[in-house]
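1. A predicted structure for the sequence below; I have some questions about it.
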Amino acid sequence: MSTAGGLPPIPQELKKLRGYFTLARQIAKAGNDKARICSWLLRRHGVQVGTKMPGVKTPNGRAFIVAALDVLEAENAALPPHTGEEELEILQVYAFKTFKMAEAPDLEGRANKATAMIYLNASHLFECLIRTAGEDSQHIPVEQFQVLRKASKFRSFEIVKALKEGRRPDPPAGAQNSSPEAAATSGS
């Protein structure tokens, strides 16, 4: 699988990174500055995750991480100037937007494999947001975003499980009265 930006294909040993890089490529297609920054942050996060995987100790894994770091460094220099707070705001907007894209059909009982993938993408964005902010961030409600990250992954898993069992995924219980904004801001 080839990646964008002159990177070599993601090696099998680091295949868990494909989700981050695929989502980053999809977001970058928008072509605007915020999309480019979000895409770069996702790829940076993917590389950070990859450095902790056992596969990074293999020659292919190490070569991919080194090449990715070089590409990220060059891309960062080409990005428009932005602050850490702007990064958090951009990631937050994309995470909520992605979550809502999955939530709408899910609440209506129309969840399918694409819905599960969108939930998984939302979990990647929330994960990147949490890591970018730092676990003890004063800028964002990290605990609420951790809940949304886990909920996104869980719904993705539940939908896929139902589809594999040949049944229609049930809408999430009690979720019709909640929204990601309400969950993120409650208790703050």
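-> Sure thing, it's come through. Predicted model, so just to flag it, every value in this text is computed and none were measured.
2. Could I get the contacting residues of the residue sitting nearest the centre point of the chain?
-> Centroid-nearest residue in the chain, with CA atoms, centre = their mean: His124, separated by 2.1 Å. Applying CB atoms under 8 Å, 6 or more residues apart in numbering, we find His124 in contact with Gly19, Tyr20, Leu23, Leu42, His45. The C-beta positions use only the backbone N, C-alpha and C, and glycine is treated the same way.
3. try 6 Å this time
-> Counting by CB atoms under 6 Å, 6 or more residues apart in numbering, His124 touches Gly19, Tyr20, Leu23.
4. Please convert the residues you listed to TSV, extending it with distance to Lys57, neighbour count and pLDDT.
-> Output for those, formatted as TSV (distance: CB to CB, whole Å; neighbours: other CB atoms under 10 Å; pLDDT from 0 to 100):
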residue	distance to Lys57	neighbour count	pLDDT
Gly19	21	17	93
Tyr20	20	25	95
Leu23	26	25	95
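5. Quick one: the helices in the protein, in order.
-> 18-28, 33-50, 59-78, 84-107, 113-133, 142-164, 180-185 (DSSP state H).
6. averaging pLDDT over each of these, which comes out lowest?
-> Mean pLDDT values for the helices of the chain show the minimum at helix 180-185, a mean of 48.
7. does Leu107 really touch Pro172, like I thought?
-> No - taking contacts as CB atoms under 6 Å, Leu107 lies outside contact range of Pro172: 7.2 Å.
8. Looking at the two, which has the bigger crowd around it?
-> Between Leu107 and Pro172, Pro172 has the larger neighbour count (other CB atoms under 10 Å), namely 17 against 14.
9. Contacts for stretch 33-42, please.
-> Counting by CB under 6 Å, 6+ apart, Tyr20, Leu23, Ala24, Ile27, Ala28, Glu75, Leu79, Pro80, His82, Ile90, Tyr94, Cys128 sit against stretch 33-42.
10. Mind picking the two most distant members of these?
-> Using CB to CB, the two most remote members of these are Tyr20 and Pro80, lying 21.9 Å apart.
11. distance of the closest residue to Glu108 other than its chain neighbours from Ala111?
-> Counting by CB to CB, 6 or more residues apart in numbering, Pro171 is the residue found nearest to Glu108 once chain neighbours are left out, at 7.3 Å. Applying CB to CB, to the nearest Å, the value for Pro171 to Ala111 is 7 Å.
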